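**Q** Compute the structure for the input listed below.
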Amino acid sequence: MEPSEFEALLGRALTDNVSWCEGLVSAERLSGGASQETYRLTVRTADGERPMALRRAPGGVAREETIGPGPGLATEAQLMQAAQQAGVPEPEVYYVLRAQDGLGDGFAMEWLDGEALGARIARAPEFEALRENLAYECGKILARIHSVDLDASGLRDKLDTFSPFELMNNSWLRYQAFPTPQPMIDYTARWLQENLPEHYDNALVHNDFRNGNFMVDGEKVNAVLDWEVAHIGDPMRDLGWICTNSWRFGRTELPVGGFGEYADLFRGYEEESGKPVDPKHVHFWEVNGSFWWAVGCLGFAEHYRTGPDKTVERPAVGRRTSECQVDCVNMLIPGPVELVEGMDVDASSEMPRLNELLISVRDFLRDDVMSATKGRTNFLARVGGNSLDIVLRDLALGEEARALEHKRLQKLLGSRAGLDELRWQLVHALRDGTMALENQELQTHLRSTVANQIAIDQPRYSGLKTALAYSG
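**A** From the prediction side, this is the model:
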């Protein structure tokens, strides 16, 4: 759909259904939102122009065409309204798109000013005072989410219900459908299967409550965002997810979102809910959080292959699976790792060298495209440059890392087969239980393989620093 057609349809839908809206002035797609499209709208009212937000399915597809699980955007809007009634900070929903609007699934809502970038919330000096009580506040907000009356809100029949096993196994089965062997994912799935919580309550679970999915205004959380994977299940899933290392933004010493301590999160939750928190129960879900996101990242790569939204962002997110896998290593099998030294890619006599071609394109994106653009195009140019950095590091490190991985697998499995075949052999041995999780040679292999992969994909990720700390 052309931008002009999109804006014409959207303007008509808003003026027909939002009483105070007299017309659409502009619609700007924002850089965030890898799963859904997010727009800042400017609309005309009797009192002048006013901002509004639009959340829409990728490519404007209708619900029956979307890929993957989730309640759908109409139910997401209903979730926000129910949470707001339970005391959760939420923007007001103005209008839910209908089929006759011709815009696919989505909804228009109140535009709230604030900060939603997780790295800034965790690090920026202006939020220092906010961070002092933020983990405690998050605990209270989660307790309110979990208190939503599923029957009175009409949500029970619109949401899936998952036991801890079902939630874990659904991710494992989803991963198994991808044509890629990732042994650390299977190792973690086995550990989760063997450590399932014995007792849990059923409640509304946000399922993506983390630093970066709520907005702050400098004094408090003023909006909880992105309800697209909400379900009914074990509420401790939410407490484990906000502690997952992917959402600490490098501040590993502060496990709750990179801004707070476990004790403060648990205290806020207990005071609001009146229910005790078992740290071991939360730890299970913290491990599951890294496992779930490791699979989710691969899903972005798969979505890039199948569409409809084939942006440069999707394969880049796909490579983040190694970040989650190194976090699983650190939680389950910490120990010494050894990184490869790599090769000198500048030693080639070719003119131009392959790395020079890549560097020239990367620098063009960062220096020329980014300086001449703003908004989503600027963001995607940065992502494209980062993807080329991954390719450059793979040229330097990948061949040696894969050669050593191959040797370790040959020894572990007693086979002279090729690397890809041996990866599959190990994956199948983990899936059918013939490879024991306690096998020290297996653990050493997984640590080294994952650490060297993250050194290629994102060497600045905090999980690699944690992994290397065990090596002295």
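**Q** pLDDT weak spots in this structure?
**A** 31-35, 62-69, 472 (pLDDT under 70).
**Q** Can you tell me how far the spatially most central residue of it is from residue 132?
**A** Nearest residue to the geometric centre of the chain (CA atoms, centre = their mean): residue 293, 5.8 Å. For residue 293, the distance to residue 132 equals 28 Å [CB to CB, to the nearest Å]. Where C-beta positions appear, they are placed from N, C-alpha and C, glycine not excepted.
**Q** quick one, helices of the stretch 101-250 of the chain?
**A** Secondary structure of the stretch 101-250 of the chain (DSSP state H, counting those that start in this stretch): helices located at 118-123, 128-146, 164-176, 183-194, 236-242.
**Q** Around residue 194, count how many other residues there are.
**A** 8 (other CB atoms under 10 Å).
**Q** doesn't residue 310 make contact with residue 59?
**A** No: Residue 59 is beyond contact range of residue 310, at 9.4 Å (criterion: CB atoms under 8 Å).
**Q** give me every residue that touches residue 39.
**A** 27-30, 53-56 (CB atoms under 8 Å, 6 or more residues apart in numbering).
**Q** Can you list phi and psi of residue 262 for me?
**A** When read as degrees, to the nearest 10, the backbone of residue 262 gives phi -50, psi -50.
**Q** So it versus residue 236, what's the distance?
**A** 12 Å.
**Q** Give me the neighbour count for residue 2.
**A** 7.
**Q** Can you give me every residue that contacts residue 111?
**A** 40-41, 50-53, 91.
**Q** ok, now with 10 Å
**A** 40-43, 50-54, 91 (CB atoms under 10 Å, 6 or more residues apart in numbering).
**Q** could I get those residues as CSV with distance to residue 19?
**A** Formatted as CSV, the contacts of residue 111 follow (distance: CB to CB, whole Å):
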residue, distance to residue 19
40, 21
41, 16
42, 18
43, 12
50, 13
51, 17
52, 13
53, 18
54, 18
91, 18
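**Q** ok, and the most crowded of those?
**A** residue 54 (26 neighbours).
**Q** how about it, secondary structure?
**A** Assigned with DSSP: H, G, I helix; E, B strand; the rest coil, residue 54 falls in the strand class.
**Q** My read is that it contacts residue 42, right?
**A** No: using CB atoms under 10 Å, residue 54 is not in contact with residue 42; the gap is 11.2 Å.
**Q** list the residues that contact both of those two?
**A** Joint contacts of residue 54 and residue 42 (CB under 10 Å, 6+ apart) are 24, 27-28, 111.
**Q** and those residues, which two are the farthest apart?
**A** 24 and 111 (13.5 Å; CB to CB).
**Q** how about the strands in this protein?
**A** 23-29, 37-45, 48-56, 93-96, 106-110, 203-205, 214-216, 221-224, 231-233 (DSSP state E).
**Q** Which of those strands sits closest to residue 249?
**A** strand 214-216 (13.8 Å).
**Q** Measure how buried residue 15 is and give me the count.
**A** 16.
**Q** what about it, distance to residue 94?
**A** Per CB to CB, residue 15 is found 12 Å from residue 94.
**Q** Please enumerate the shared neighbours of the two.
**A** What both residue 15 and residue 94 touch, as defined by CB under 10 Å, 6+ apart, is the set 21, 43.
**Q** close enough to count as contact, residue 122 and residue 255?
**A** No: if you go by CB under 10 Å, residue 122 and residue 255 don't touch, sitting 11.6 Å apart.
**Q** Between those two, point out the one with more neighbours.
**A** residue 122 (22 against 19).
**Q** show me the contacts for that one.
**A** Counting by CB under 10 Å, 6+ apart, residue 122 has contacts 131, 134, 211-212, 247-251, 254, 257-260.
**Q** Make a ChimeraX selection of whichever of these turn out to be buried.
**A** In ChimeraX syntax, the buried subset of the contacts of residue 122 is picked out as below (16 or more other CB atoms under 10 Å):
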select :131,134,211,212,247,248,249,251,254,257,258,259,260
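**Q** What's the separation between residue 86 and residue 383?
**A** From residue 86 to residue 383 the distance is 36 Å (CB to CB).
**Q** With residue 328 instead?
**A** 25 Å.
**Q** Looking at those two, which has the bigger crowd around it?
**A** residue 328 (26 against 18).
**Q** dump the residue contacts of the more buried one.
**A** Counting by CB under 10 Å, 6+ apart, residue 328 has contacts 184-185, 187-189, 191-192, 245, 287-291, 294, 446, 450, 463.
**Q** which of the contacts of residue 111 sit farthest apart?
**A** Across these (CB to CB), the longest gap, 16.1 Å, separates 42 and 91.
**Q** Can you name every helix or strand that the longest helix seen in the chain contacts?
**A** Of all segments of type helix in the chain, defined using DSSP state H, the longest is helix 375-413. Other elements packing on helix 375-413 under the criterion 3 or more CB pairs under 10 Å, 6 or more residues apart in numbering; DSSP states H and E are strand 23-29, strand 37-45, helix 313-318, helix 354-363, helix 370-372, helix 419-432, helix 440-457.
**Q** Now with 8 Å, please.
**A** Helices and strands touching helix 375-413, by 3 or more CB pairs under 8 Å, 6 or more residues apart in numbering; DSSP states H and E, are strand 23-29, helix 313-318, helix 354-363, helix 370-372, helix 419-432, helix 440-457.
**Q** now that helix: how far from the chain's centre is it?
**A** 20 Å (CA atoms, centre = their mean, to the nearest Å).
**Q** And stretch 99-109, by the same measure?
**A** With CA atoms, centre = their mean, you get 25 Å for stretch 99-109.
**Q** what comes up buried for that stretch?
**A** 101-109.
**Q** wait, what's in contact with the residue nearest to residue 330 when sequence neighbours are not counted?
**A** Distances taken as CB to CB, 6 or more residues apart in numbering place residue 466 nearest to residue 330, at 5.0 Å, with adjacent residues excluded. Counting by CB under 8 Å, 6+ apart, residue 466 makes contact with 252, 326, 330.
**Q** The second one and residue 465 touch, don't they?
**A** No: if you go by CB under 8 Å, residue 326 and residue 465 don't touch, sitting 9.8 Å apart.
**Q** which of those two has more neighbours?
**A** The neighbour comparison of residue 326 against residue 465 (other CB under 10 Å) goes to residue 326, with 30 against 14.
**Q** and the residue nearest to the more buried one when sequence neighbours are not counted, what does it touch?
**A** The shortest distance from residue 326 to any non-neighbouring residue, by CB to CB, 6+ apart, is to residue 463 (4.0 Å). Taking CB under 8 Å, 6+ apart, we find residue 463 in contact with 245, 252, 323, 326-327, 329-330, 454.
**Q** Just the buried ones among these, please.
**A** Buried among those by 16+ other CB under 10 Å: 245, 323, 326-327, 329-330, 454.
**Q** Let me know the closest of the residues you listed to residue 224.
**A** residue 245 (21.3 Å).
**Q** isn't the closest one right next to residue 253, touching?
**A** No: counting by CB under 8 Å, residue 245 stays clear of residue 253, with 11.2 Å between them.
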